[in-house]
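**Student:** Next comes the sequence, and after it the predicted model I'd like to discuss.
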Amino acid sequence: MDSIGTYSPSQLFDACRVLFPEAPIQQVFLEQLHQQNLKSAFRALAKEYHPDSRIGAYDSTRHTDTFRRVTAAYEMLSGFIRKRDKVYILQFPSQSGSHVVSHHHHPGPAGGRGFRARTHFNKAARNPNEHYYSGPLPTIPLQIGLYLYYRSAVSYQAVVRAIMWQRDMRPPFGELASAWGWLDPYYISVIRSATDIPGTFGERAIKLGLLTDKQVKFILTHQKTMQAPLGRYFVTHGLLNRYELEKYLREHSLYNREVRRGGK
């Protein structure tokens, strides 16, 4: 990490916590962070805390300070990503001199003709810097992302990116709590700013006495019911086509059923 940036890992982790207060910040999160996700997080927070966006009475000092922290975190992580990706391209060039692979594809009609959809699908090449599993399937029930990994259909890193993408599709935790009258909008910023308290947004809210454990669990369950299916990530990013995904989904269902019955 230090070899491709001027910031220490702890500084980068702190910056991630500022921009992604609900995410579990670990090494893999930083390694798989994309510029697009970073921009989305920055724009949402900048819109909320920019001094010019506030009308009426509010704590201008607090919001100005938060806006500066958000901006500094974005600039730090943006510079880190540029340097990280530059080193990646230099160290792992493809035969054509670039790792850029087209993700445009023509999956065909949603109702069928899977073979035609498959033959017109420009599948992304396997990334030599990512880990693909090779070995027998485990004998425990698996979520679809891990099942695809253990079937060697996608890399471990792709599963991590898919989970992050899926989380980005969820309605924001704080907005749900506020819409249901459980959390005053002011306290959303208080929770986000409490970076000295470890944990997710919900865990911080519990520790601050702003939400109960039952309320947090209810919101998390509601978020999951509204999120996009994980498999959609692999199709939209050119890692699988619809025919392949549907086949794996059927196999996954049968596999988990057999494992639970003790048949594997």
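**Tutor:** Perfect, thanks for sending it.
**Student:** Tell me which helix or strand comes right after the worst-scoring helix or strand of the chain on mean pLDDT.
**Tutor:** When the helices and strands of the chain are scored by mean pLDDT, DSSP states H and E, helix 114-119 comes last with a mean of 34. From helix 114-119 onward toward the C-terminus, using DSSP states H and E, the following helix or strand is helix 144-150.
**Student:** just checking, what packs against that next one?
**Tutor:** Contacts defined by 3 or more C-beta pairs under 8 Å, 6 or more residues apart in numbering; DSSP states H and E place helix 144-150 against helix 156-169, helix 230-236, helix 242-261. C-beta: built from backbone N, CA, C; applies to glycine.
**Student:** out of those, nearest to residue 62?
**Tutor:** Comparison of these against residue 62 by C-beta to C-beta identifies helix 156-169 as nearest, at 26.4 Å.
**Student:** So what's the model's average confidence on that closest one?
**Tutor:** Averaged over helix 156-169, pLDDT sits at 89.
**Student:** so how far is residue 80 from the residue nearest the centre of the chain?
**Tutor:** Central residue of the chain (C-alpha atoms, centre = their mean): residue 164, 1.2 Å from the mean position. Counting by C-beta to C-beta, to the nearest Å, the gap from residue 164 to residue 80 is 16 Å.
**Student:** Equivalent analysis for residue 224, please.
**Tutor:** To residue 80, residue 224 is 30 Å away according to C-beta to C-beta.
**Student:** Give me the more crowded residue out of these two.
**Tutor:** Neighbour count, other C-beta atoms under 10 Å: between residue 224 and residue 80, residue 80 has more, with 22 against 11.
**Student:** What separation is there between the residue nearest to the centre of the chain and residue 176?
**Tutor:** 19 Å.
**Student:** is it true that residue 25 touches residue 18?
**Tutor:** No: using C-beta atoms under 8 Å as the test, residue 25 is too far from residue 18 to be in contact (10.1 Å).
**Student:** Thanks a lot, catch you later.
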